[in-house]
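*Asks:* Model the structure of this input:
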Amino acid sequence: MIKDTLKSADEKMGKTIESLKRELASMKAGRANPAILDRIEAEYYGTMTPINQMGNISIPEARMLVIQPWDKNALKAIEKAILKSDLGINPSNDGEVIRLIIPELTEETRKDLVKKIKKLGENAKVSIRAIRRDGNDKLKALKKENDISEDEIKKAEVEIQKKTDSFIKGIDGIVEEKEKEVMSL
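*Replies:* Down below sits the predicted model:
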């Protein structure tokens with residue numbers, strides 16, 4: 001039972017890290033990255049469909065994305081979805097493909113991005129701590145229900161704390177890496 005609680009906490013913390021990585025990957029950092037399109041959906045035959053499922057996305061140059069839809073009828077819908085999104089990029093549609101030129105980041109934009117990155121990192125840390133708290137609460141409930149010794153509970157709480165510290169250190173590393181990437185472009 002203690003092992004299940006520890007394993008559950010570990011899995012949830014791992015998912016939090018993966019979520020943070022996905023979120024950071026989708027941020028526009030002055031360099032072409034297909035992940036910035038992951039959250040954008042276009043209406044395709046009456047259904048909202050992610051753009052990355054509607055065609056090939058390639059990076060012919062460092063600051064350019066090219067979207068080549070499998071169905072040419074989807075060009076207008078993709079273009080419209082990109083314009084409505086929060087990307088702030090004007091798509092160029094030539095009837096065959098859509099080109100997105102990623103603008104250079106200004107110093108002010110970089111600083112704003114770093115603030116967002118830090119905020120996402122803090123939110124991830126809060127989630128990790130909430131998972132730790134839930135795990136500790138489950139351990140205390142196990143102690144009341146079963147004949148589990150105080151020592152076993154203490155060992156498990158120490159283990160959860162070690163996992164928490166490790167994951168928080170990982171978040172700090174991920175955030176620091178993304179900050180460097182944004183500031184060095």
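*Asks:* Give me the buried positions along the helix ranked longest in the chain.
*Replies:* Taking DSSP state H as the assignment, the helix of the chain that covers the most residues is helix 107-145. Residues 109-110, 113-114, 117, 120-121, 124-125, 127-128, 131-132, 135-136, 138-139, 142-143 are the ones in helix 107-145 that count as buried (16 or more other C-beta atoms under 10 Å). Every C-beta, even on glycine, is put in place using the N, C-alpha and C of the backbone.
*Asks:* now do stretch 57-72
*Replies:* Ile57, Leu65, Val66, Ile67, Pro69.
*Asks:* State whether the second one and Val97 are indeed in contact, as I suppose.
*Replies:* This means Leu65. No: in terms of C-beta atoms under 8 Å, Leu65 does not count as a neighbour of Val97; the distance is 10.0 Å.
*Asks:* what about the residue most central in space within the chain, helix or strand, and which?
*Replies:* Of all residues in the chain, the one closest to the mean position by C-alpha atoms, centre = their mean is Glu23, 2.0 Å from it. Per DSSP states H and E, Glu23 falls inside helix 2-25.
*Asks:* for that helix, packing partners?
*Replies:* When contacts are defined as 3 or more C-beta pairs under 8 Å, 6 or more residues apart in numbering; DSSP states H and E, helix 2-25 packs onto helix 107-145, helix 150-184.
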